[in-house]
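Engineer: Sequence and predicted structure, then a few things I'm wondering about:
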Amino acid sequence: SNQRAYNFNAGPSALPVEVLEKAQQELVNFHGTGMSIMEMSHRSSTFEEVHNEAISRLRKLFAIPDDYEVLFLQGGASLQFTMIPMNFLQLEKKASYVMTGVWSEKAYKEATLFGEPVQTASTKEDKYRNIPSLEEIDFGSDDAYVHLTSNNTIYGTQWSEFPDTGEVPLIADMSSDIMSKPIDISRFDLIYAGAQKNLGPSGVTVVIARRDFLAKANKEIPTILKYSTHVESNSLYNTPPTFGIYMLGEVLKWIEKQGGLAAIAKQNEEKAKLIYDVIDNSNGFYTGHASKESRSLMNITFRVADEELEKQFLTEAKDAGFVGLNGHRSVGGCRASTYNSVPLETCKALQDFMIAFQNKHK
Ligand code: PMP
């Protein structure tokens, strides 16, 4: 049937229905070529146009300065955990990792294989409920870089302002909030994100990096793991995930139609507010995991009064057509991911459901 679920999946996650329908419509015969976009050479002019358009649209919508490269890679954000220290961290050199969750821990762990990463401003003691204050972030003037996770998918925390690291390069894992609002790209030397939350299907990883930072990379590493390889070949060194890049381009067109990132940011605020308001007005029936000042507009994490009720909440929600509300397996509880493509009506439906559930069970 055509019935779409109330999809709160954490990633892969909801895509705009218009994008899915357009892809469906041009799937069998892409622009009169007699084949789908998946069935043609990645060197064909038809695909190259799709590829280059996606890059230029990304540049325009995200206001990426001219001295930055935009790359479409594979291997997810997880491969970036490895590529970053492999390219930029020399033996016996330090890099500071701001620890705000499991994804920061994974990024840190990979760096230990290449140099001497240092953990800073960890909020682990606090069950990662908080983003550290900017003063807590320590780093050395000689650090290869400072690394942070801009949105913590599992705990539902998000940076609202970023540290000024001066001459020390700043790197951010923006997997779960890339292009959810306008940001000043020039504050960062490298940004990376898997596409599967805000930008499209899984399989494409977006990397945005300052050209003069990329020039500092180690030379003695495998060809495919060098950023320079992908820069020199416009991300067409080997066969890229062509269908994923096409879909990403279509999602970018959809963002453009919404009015760009300022409009998207407003929608995201409005959507998250619907659900946070229920939590805050529930007299403790629902409790948020993240501290208020660190709350994410992308992943809303909460618990229901007691464990039995929480189980019942998740069961009843499932029966009512809600998908993806279980918290990450490492923390439990509930989580509603309200990425760019999750419609306002879907959030409104969850708001109504949460209020009705409380009224029935309080
Ligand atoms: N970083 C963050 C913040 C994430 O949310 C995720 C995935 N949920 C990852 C990294 C890992 O991404 P991938 O699965 O694309 O390797």
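Structural biologist: Good, I have the coordinates.
Engineer: gap between F47 and M83?
Structural biologist: Note on F47: its distance to M83, by Cβ to Cβ, to the nearest Å, is 25 Å. C-beta: built from backbone N, CA, C; applies to glycine.
Engineer: more neighbours, those two?
Structural biologist: Neighbour count, other Cβ atoms under 10 Å: between F47 and M83, M83 has more, with 24 against 21.
Engineer: For the residue of the chain found nearest the ligand, grab the count of nearby residues.
Structural biologist: Here the chain gets closest to the ligand at one residue, G76, 2.6 Å apart by Cβ to the nearest ligand atom. Applying other Cβ under 10 Å, we find 18 residues neighbouring G76.
Engineer: same check, this time on S330
Structural biologist: 9.
Engineer: and it, which of the three is it?
Structural biologist: Three-state assignment for S330 (DSSP: H, G, I helix; E, B strand; the rest coil): coil.
Engineer: Pretty sure it sits against I154.
Structural biologist: Yes. With contact defined as Cβ atoms under 8 Å, S330 reaches I154; the gap is 6.4 Å.
Engineer: Contacts only, for the residue of the chain closest to the ligand.
Structural biologist: By Cβ atoms under 8 Å, 6 or more residues apart in numbering, the contact list for G76 reads 194, 202, 205.
Engineer: Out of the residues you listed, the closest to L27 would be?
Structural biologist: S202 (18.5 Å; Cβ to Cβ).
Engineer: measure that closest one to G321 for me?
Structural biologist: Computed as Cβ to Cβ, the S202 to G321 distance reads 24 Å.
Engineer: do Q25 as well
Structural biologist: The value you get for Q25 to G321, if Cβ to Cβ is used, is 26 Å.
Engineer: ditto for L236
Structural biologist: In this view, L236 and G321 are 41 Å apart by Cβ to Cβ.
Engineer: Sketch out the low-pLDDT regions of this structure for me.
Structural biologist: Applying pLDDT under 70 to the chain flags residues 1-2.
Engineer: For it, which residues are neighbours of the ligand?
Structural biologist: 11, 76-78, 103, 149, 153, 173, 175-176, 194 (Cβ under 6 Å from any ligand atom).
Engineer: Now, of the residues you listed, which are buried?
Structural biologist: Applying 16 or more other Cβ atoms under 10 Å to these, the neighbour count classes 11, 76-77, 103, 149, 153, 173, 175-176, 194 as buried.
Engineer: The closest residue to I279 other than its chain neighbours: neighbour count?
Structural biologist: Once flanking residues are discounted, I279 sits nearest to Y286: 4.4 Å by Cβ to Cβ, 6 or more residues apart in numbering. For Y286, the neighbour count with other Cβ under 10 Å is 22.
Engineer: so what's Y286 up against?
Structural biologist: Under the criterion of Cβ under 8 Å, 6+ apart, the neighbours of Y286 are 278-279, 302-305, 354, 358.
Engineer: what does D173 give?
Structural biologist: Taking Cβ under 8 Å, 6+ apart, we find D173 in contact with 77, 80, 103-104, 107, 147-150, 192-193.
Engineer: is it in a bridge, and if so with what?
Structural biologist: D173 forms beta bridges with T149, Y192, as assigned by DSSP bridges.
Engineer: separation between it and F81?
Structural biologist: For D173, the distance to F81 - Cβ to Cβ - is 8 Å.
Engineer: which residues sit against stretch 24-39?
Structural biologist: By Cβ under 8 Å, 6+ apart, the residues outside stretch 24-39 that reach it are 40, 46-47, 50, 242-243, 246.
Engineer: Quote the end-to-end distance of that stretch.
Structural biologist: Its first and final residues considered, stretch 24-39 spans 15 Å by Cα to Cα, to the nearest Å.
Engineer: roughly how far is it from the heart of the chain?
Structural biologist: Remark: stretch 24-39 is offset 29 Å from the chain centroid, using Cα atoms, centre = their mean, to the nearest Å.
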